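In: What follows is a predicted protein model with its sequence.
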Amino acid sequence: MIINGIQIDEQKLMPKSELLDFLRENGEDDRALAGIRAYYHDYFGNELIWRYPISDGKHLGTFIAIVKGGFISLPYDSVDREDGELLDLNDTAMFNAEDMQFFIDDWRLFSDDLLTAMADMQRILSGK
């Protein structure tokens, strides 16, 4: 499989259960994700974990990570100054195509709205 232009050997990806066990043993937070990022970076030259800082209607945001067999959502509801996002591992879920389309559509709506508002702000601030 290819993602972000990187050829991924799926056999070198962590299984979902191993990833979750690692997080449970190491803090269930963004700091713990650093170990997984380092593991993936060593093998693939990319962390292969993406922060999705938009609420899905239930959680403040989520991380999207690649695992054997697909992509997992690692949601969070709070952020700690030292540990970063505090993960809610009870609500982790594998993505399907429909879930990913929802996240794509939601991101586009968020991004388009913010860019339009900022362009208006810039126009107002420049006196036009």
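Out: In hand now; what should we look at?

In: same for the biggest helix by length in the chain, what does it pack against?
Out: In the chain, taking DSSP state H as the definition, the longest helix is helix 97-125. Applying 3 or more Cβ pairs under 8 Å, 6 or more residues apart in numbering; DSSP states H and E, we find helix 97-125 packed against no helix or strand. The way it works is simple: take the backbone N, C-alpha and C, and place the C-beta from them, glycine included.

In: Show me which positions of that helix end up buried.
Out: Phe103 (16 or more other Cβ atoms under 10 Å).

In: Please compute how far it lies from its chain's middle.
Out: 17 Å (Cα atoms, centre = their mean, to the nearest Å).

In: could you give me the average pLDDT of that helix?
Out: In this model, helix 97-125 has an average pLDDT of 96.

In: cool, and stretch 29-49?
Out: Here the average pLDDT along stretch 29-49 is 94.

In: What are the buried residues along that stretch?
Out: 29-30, 32-33, 36-37, 39-40, 44, 47-49.

In: ditto for stretch 80-90
Out: Buried, per 16+ other Cβ under 10 Å, within stretch 80-90: 84-88.

In: now the helices for the protein?
Out: Using DSSP H, helices in the chain cover 16-26, 30-44, 97-125.

In: Tell me which of those sits nearest to Gly69.
Out: With Cβ to Cβ as the measure, helix 16-26 is the member of the helices of the chain nearest Gly69 (7.0 Å).

In: If the most centrally placed residue in the chain is in a bridge, with which residues?
Out: In the chain, the residue lying closest to the centroid (Cα atoms, centre = their mean) is Phe63, at 2.4 Å. Assessed by DSSP bridges, Phe63 has beta-bridge partners Arg51, Leu74.
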